[in-house]
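1. okay, structure incoming, though there's no sequence with it:
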């Protein structure tokens, strides 16, 4: 790919690999979807091509919704590669446990507002975790990795998004998970309104009950 050099692997994921690279004198992140041998070749090409096009579209629309995302510089569909802005900062996962209670509450409230902005605009992220949120040097929170996202206004999709956020908090930030999620819900309600928030919270409870039921069935079998 013209202009790209000095790439270093940042993360190897199940869906794609991320590389830190130099592109025309600036640091960028290159997201490359590699072929999957377990899929028929034509289907594999179709899936990777679709996701390579779809993810930048979601990120562009997220910006319209008021949610900061990296700038997209290049989309190479044939190579299943996206070249995007490298955000100088830290993943929220890296420092959420270390900041003061008031800072943590303010940050989580802001995250809740951003999720509300997404959902009110008809976008679900698909992988809401503190690993996929980067706090820039100016304190702005960027959402990244929309690879599993979609356009949807369905209550189920919104409930799954918020359930993933809640589960991620309990998994990584369990000491503060309840307070963090309460602050996220507070920010979310400022955008979505109490009625919609009540519906989403009800859906989260339903999803959690489903999960417990499946786990119990597995134990009994």
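-> Here it is on my side, so go on. Predicted, not measured: the structure shown is a model, and the values here were computed from it. Residues are numbered from 1 along each chain as shown.

2. now the helix or strand where residue 180 lies: buried residues?
-> For residue 180, the host element (DSSP states H and E) is helix 177-192. Using 16 or more other Cβ atoms under 10 Å as the test for burial, helix 177-192 gives 177, 180-181, 183-185, 187-189, 191-192. Just so you know, the C-beta spots here come from the backbone N, C-alpha and C atoms, and that holds for glycine as well.

3. list the contacts of stretch 57-73.
-> 23, 28-29, 56, 82-87, 114, 117-118, 120-121, 123, 136, 140-144, 146, 149-151 (Cβ atoms under 8 Å, 6 or more residues apart in numbering).

4. show me what the helix or strand where residue 156 lies packs onto, helices and strands only.
-> Assigned by DSSP H and E, residue 156 belongs to helix 155-172. If you count contacts as 3 or more Cβ pairs under 8 Å, 6 or more residues apart in numbering; DSSP states H and E, helix 155-172 packs onto helix 101-120, strand 123-124, helix 177-192, helix 194-220.

5. give me that answer again for 6 Å
-> Contact here means 3 or more Cβ pairs under 6 Å, 6 or more residues apart in numbering; DSSP states H and E; on that basis helix 155-172 packs against helix 177-192, helix 194-220.

6. can you state the direction angle for the helix holding residue 180 and helix 101-120?
-> 40 degrees (axes from the mean of the first three to the mean of the last three Cα atoms, to 10 degrees).

7. model confidence at the residue lying closest to residue 126 once chain neighbours are set aside, what's the number?
-> Closest residue in space to residue 126, ignoring its immediate chain neighbours: residue 148 at 3.2 Å, by Cβ to Cβ, 6 or more residues apart in numbering. At residue 148, the model reports a pLDDT of 93.

8. which element is residue 148 on?
-> Per DSSP H and E, there is no helix or strand for residue 148.

9. what about it, how many neighbours?
-> As a burial measure, residue 148 scores 16 neighbours (other Cβ atoms under 10 Å).

10. against residue 54, how distant is it?
-> 10 Å (Cβ to Cβ, to the nearest Å).

11. again, but for residue 123
-> 11 Å.

12. more neighbours: which of those two?
-> For residue 123 versus residue 54, neighbours defined as other Cβ under 10 Å are more numerous around residue 123 (28 against 15).

13. any idea what that one is bridged to?
-> Assessed by DSSP bridges, residue 123 has beta-bridge partners residue 151.

14. walk me through the domains of this protein.
-> With domains defined by automatic domain parsing, the chain comprises 4-85, 89-220.

15. now do stretch 58-66, average pLDDT.
-> 97.

16. how far does stretch 67-83 sit from the chain's center?
-> 15 Å (Cα atoms, centre = their mean, to the nearest Å).

17. would you mark the buried spots in that stretch?
-> Buried residues in stretch 67-83 (16+ other Cβ under 10 Å): 67-70, 72-75, 80-83.

18. cool, stretch 36-47 as well?
-> residue 44.

19. average pLDDT across that stretch?
-> 92.

20. could you do stretch 104-111 as well?
-> Stretch 104-111 comes out at a mean pLDDT of 98.
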